[in-house]
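# Need the 3D shape of this:
(chains A and B)
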Protein chains: 2
Amino acid sequence: MLSFMAKEKLVKSITSMDEDFAKWYTDVCIKAELVDYASVKGCMIIRPYGYAIWENIQRQMDDRFKATGHENVYMPLFIPESLLQKEKDHVEGFAPEVAWVTHGGEEKLEERMCVRPTSETLFCDHYKNIVHSYRDLPKLYNQWCNVVRWEKTTRPFLRSREFLWQEGHTLHATPEEAQAETIQMLNVYEEFAKNVLAMPVVKGVKTAKERFAGAEETYTIEALMHDGKALQSGTSHYFGDGFAKAFGIEYTDKENKLVNPFQTSWGTTTRLIGAIIMTHGDDSGLVLPPAVAPIQAVIVPIASHKEGVLEKANSIYKRLQAVCRVKLDDSDQTPGWKFAEYEMKGVPLRIELGPRDIENNVCVVVRRDNGEKTTVSLDELETKIQELLSAVHNGLYNKALERREAMTYDAHSLEEMKEIADNKPGFIRAMWCGCRECEDKLKEEVGVTSRCIPFEQEEIDGKCVYCGKPAKSMLYWGKAY
Amino acid sequence: MLSFMAKEKLVKSITSMDEDFAKWYTDVCIKAELVDYASVKGCMIIRPYGYAIWENIQRQMDDRFKATGHENVYMPLFIPESLLQKEKDHVEGFAPEVAWVTHGGEEKLEERMCVRPTSETLFCDHYKNIVHSYRDLPKLYNQWCNVVRWEKTTRPFLRSREFLWQEGHTLHATPEEAQAETIQMLNVYEEFAKNVLAMPVVKGVKTAKERFAGAEETYTIEALMHDGKALQSGTSHYFGDGFAKAFGIEYTDKENKLVNPFQTSWGTTTRLIGAIIMTHGDDSGLVLPPAVAPIQAVIVPIASHKEGVLEKANSIYKRLQAVCRVKLDDSDQTPGWKFAEYEMKGVPLRIELGPRDIENNVCVVVRRDNGEKTTVSLDELETKIQELLSAVHNGLYNKALERREAMTYDAHSLEEMKEIADNKPGFIRAMWCGCRECEDKLKEEVGVTSRCIPFEQEEIDGKCVYCGKPAKSMLYWGKAY
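Numbering: from 1, shown residues only, chains lettered A, B, ... in the order given. This next block holds a predicted model:
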């Protein structure tokens, strides 16, 4: 009977993906208790279960930043208008979407300040104060904080007026060193996406049109969501010495000359939680990669009124605390209710333990990603649970990779590209001559945006899919969040 | 010669405490590279060394919150004006010092929003949505975030327009349970101050006059700084059901009746870094309690050009990484420069290692708190370093406790209280009848504020120090930051 229940679709309150993907997404966010709506339009409340995922992301990413020599700092929340305006492209990119503070208490401010949409200007202002000699370089700083962008349309995690993120800002003596840092951090993001989020990404460089405001080069990792839309999941920018010149950051080099340093910035946000939901989730709700799951395994005692069941469940609970984040649910809800609850919350492993299991010195472990049941001897519990967690991680990664590959299409002509864009959600790969006009036209006529020029190039064709002139590179295109 | 240098006052660029305490404080903040001034008046940049202290505070405090069953959440940065106004006392307390956002991008907002000065209103608004049944209680939430209060006079860490903090907000079925939570968290703060910050505190309840805006009772831990001023270092509030009523938070209890829950909040801030500086610092700079020190021990090789010195220093460095946060400074600065640098930065232990030490299979360990030198056999390095770190912690705590005791005075009359306040910086203990008028008069005439009614009462006298009527309790008074 229990085995039958486990095979049923236990979670019925979530709209199915095929019916309405946007509604499915919101249902998962709300019903898995990741977020709640706030009184402030376009802002979100991140609830304990959602915030615990963010804490797991933060800790593991921060470890990687520290291992690559970065230090954390904290810059002010506010940017005076005059400071924001120092770098021209940058202010043009951000001014239309910032929130302005005009009053402190009862008094009108002499100069209005915006709430940081990103902190390049603040870091530059600080670097100007503290960098004077080549001995002060490099500066490898990162900041974990909240930022605000006054977006018109918002969705939890994907696009909200306030979000949490990390922003790295580094300063180097040479362009080569700064470029190497930009790539290094992009690689950190790719490795993190793969090994922590179980999420395959396409790594590449943005076209000039899609660059970050003020950057000379913007690199990106792009992931493909369940509905075939792309999600930009992390970016890394090379600034050259543009900001340094605009802000007057100068240092004395080894030859005793006064020169400008070279700069980078790189960031990822709470949007990664949206990426997890839309990469791994299914019609039963959330499916969490073990590395970020607040609960990696939940123990559900069966017939827990029977003698010895709760005691045994408790002893398993204590043993497993040494190897994973485990929860014992000994509440008086039915096992069926609990199965549905933890399925919806995406807990990677469910451990069922009833009187007969105890007799046989086993428990039954059910994988959230594929429903597979394994009977595990209690003698090898710790090892098997660790193996199964790692199997879930690999299962998720491979499934997502297969889906992405199946949803990536090559277009050899404009017609074919239109046909794919209209009928087949996913990435489109096509050749490009490198000019802005073709990029604009393709966006206009096909309704897709360029995602990136991938590092792994492949010559699909000799000529640009739009103008037919000789192609310079193969580009990924898609509809994006 | 080295031994002579170590005994000298190595740090000369810091103003001495006796000369100008305020300048000493600022010198330490800037020269130990804890903060930098920002372009935004009254805001601070927390530099890597300062932020690493905050990360150590955060991690160890968060562990305590989780061990007592609390979960972290994240609420929006903004509070709509109408929401702030829902609880009358609360808005009166905070409205004069909030920063107002009036525009999003180019558009004027329909309703202006303040940047959170504290988040009671946001938590209440959320609790109203998610709490419906007695099964939903208690809610034990905490948030780590930035808050803004538009202060006129500011000082790094002690009073700045933006600061970092944690704010706990909990909801309970009964007043008793909420009161027990309030006291539990106050005890967590006291234990943390003692065991992590090496800082003795007086624990007690605020008078009605000094309560948090909207609270029924405010509890506090008060520490005494080097200059004899008091620093409120953490507070815990009991709200009764006042906020719940104002915000319409209701739930169905076990008897199926609709009732209001009872509430608490409690907080500590980056001000704790100011407390560390002014509790333990000296004329050579910062002195850090080992539990929060970013570097707990620094290895300074002596005559490092001599064969084998750097290799040995490196092997010690690797061994010590297993037991503490250790740094090896093998830069080409002189040992004297390094001694001064790490002394100013308050590193608890300095490990000196030269050719003769290596010959004798020893190193010399110098304590930052008292300058004491110990020759340690390299065979027992790990154990001895751990013992010495713990000795530094205890040394700091005991020194601070002795100073506080020596700077705490009992006043039996108004005259005596004035005399102490004018001539002896520190805490003043005096009896109080419990009426607001005497409290106001004492502040006016003596120039001190009531710090708290300590839990550990002692009858100094039978009557109120101001009016002479029968006394209700003994109060701590002081000049405060």
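# C-alpha from now on. contacts and neighbour counts both.
Fine.
# The residue in the stretch 351-481 of chain A that chain B sits nearest to - nearest residue in space that isn't next to it in sequence?
Of all residues in the stretch 351-481 of chain A, A:Y481 sits closest to chain B, at 21.2 Å by CA to the nearest CA. Of all residues not flanking A:Y481 in the chain, A:L231 sits nearest, at 5.5 Å (CA to CA, 6 or more residues apart in numbering or on different chains).
# what residues does chain A put near chain B?
Residues of chain A found near chain B (CA under 8 Å from any CA of the partner chain) are A:36, A:38-40, A:43-48, A:51-52, A:71-80, A:95-106, A:125-126, A:150, A:162.
# Let's see which of those residues end up in helices.
The members of the residues of chain A next to chain B that map onto helices under DSSP state H are A:P48, A:Y51, A:A52, A:D125, A:H126.
# ok, the nearest residue to the first one once chain neighbours are set aside - how many residues close by?
It refers to A:P48. Of all residues not flanking A:P48 in the chain, B:V73 sits nearest, at 5.0 Å (CA to CA, 6+ apart). B:V73 has 22 neighbours, counted by other CA atoms under 10 Å in any protein chain shown.
# for A:E459, same thing?
Neighbour tally, A:E459, other CA under 10 Å: 12.
# one step back: filter the residues of chain A next to chain B down to the ones in strands?
Among those, DSSP state E puts A:36, A:44-46, A:71-72, A:78-80, A:99-104, A:162 in strands.
# residue contacts, the residue lying closest to A:I57 once chain neighbours are set aside?
Nearest residue to A:I57 in three dimensions, chain neighbours excluded: A:V292, at 6.2 Å (CA to CA, 6+ apart). A:V292 makes contact with A:I53, A:W54, A:N56, A:I57, A:V196, A:L197, according to CA atoms under 8 Å, 6 or more residues apart in numbering or on different chains.
# rerun that using 10 Å as the cut-off
A:52-60, A:196-198, A:273, A:276 (CA atoms under 10 Å, 6 or more residues apart in numbering or on different chains).
# How about A:Y74: which residues does it bridge to?
B:I46 (DSSP bridges).
# wait, what's in contact with it?
Counted by CA under 10 Å, 6+ apart, A:Y74 has contacts A:123, A:141-145, B:35, B:44-48, B:50-51, B:163-164.
# before we move on, back to that, looking at the ones in helices among the residues of chain A next to chain B, which one is closest to B:A244?
Lowest distance from B:A244 to these (CA to CA) belongs to A:P48, with 20.9 Å.
# what's around the closest one, how many residues?
Neighbours of A:P48 using other CA under 10 Å come to 21.
# so it makes contact with B:G69?
No: under the criterion of CA atoms under 10 Å, A:P48 is not in contact with B:G69, lying 12.0 Å apart.
# Could you list the domains of chain A?
Chain A resolves into domains spanning A:2-11+A:288-392, A:21-280, A:408-478 when parsed by automatic domain parsing.
# To B:T218, which of these lies closest?
domain A:21-280 (24.6 Å).
# The closest one - what's its average pLDDT?
Mean pLDDT, computed over domain A:21-280, is 96.
# Show the end-to-end separation of that domain, please.
Criterion CA to CA, to the nearest Å; first-to-last residue distance in domain A:21-280 is 13 Å.
# follow-up on the earlier one: any idea of the pLDDT on the residue nearest to A:I57?
Here the pLDDT value assigned to A:V292 is 98.
# Give me the three-state assignment for it.
coil (DSSP: H, G, I helix; E, B strand; the rest coil).
# May I have the phi/psi pair for it?
Dihedral pair for A:V292: phi -110, psi 0, per degrees, to the nearest 10.
# Which residue, other than its chain neighbours, is closest to the residue nearest to the spatial centre of chain A?
By CA atoms, centre = their mean, chain A has its centre lying nearest to A:L272, at 2.1 Å. Once flanking residues are discounted, A:L272 sits nearest to A:S233: 6.4 Å by CA to CA, 6+ apart.
# Would you check how far apart the one you found and chain B are?
Per CA to the nearest CA, to the nearest Å, A:S233 is found 21 Å from chain B.
# was I right about that residue contacting A:A223?
Yes: A:S233 is in contact with A:A223 according to CA under 10 Å; the separation is 6.6 Å.
# Show me which of these two is the more surrounded one.
Taking other CA under 10 Å, A:S233 and A:A223 do not tie; A:A223 has more neighbours (28 against 23).
# partner strands of the helix or strand harbouring the more buried one, parallel or antiparallel?
Assigned by DSSP states H and E, A:A223 falls within strand A:217-224. Using DSSP bridges, strand A:217-224 pairs in its sheet with strand A:202-205 (antiparallel), strand A:230-240 (antiparallel).
# Fine, thanks again, bye for now.
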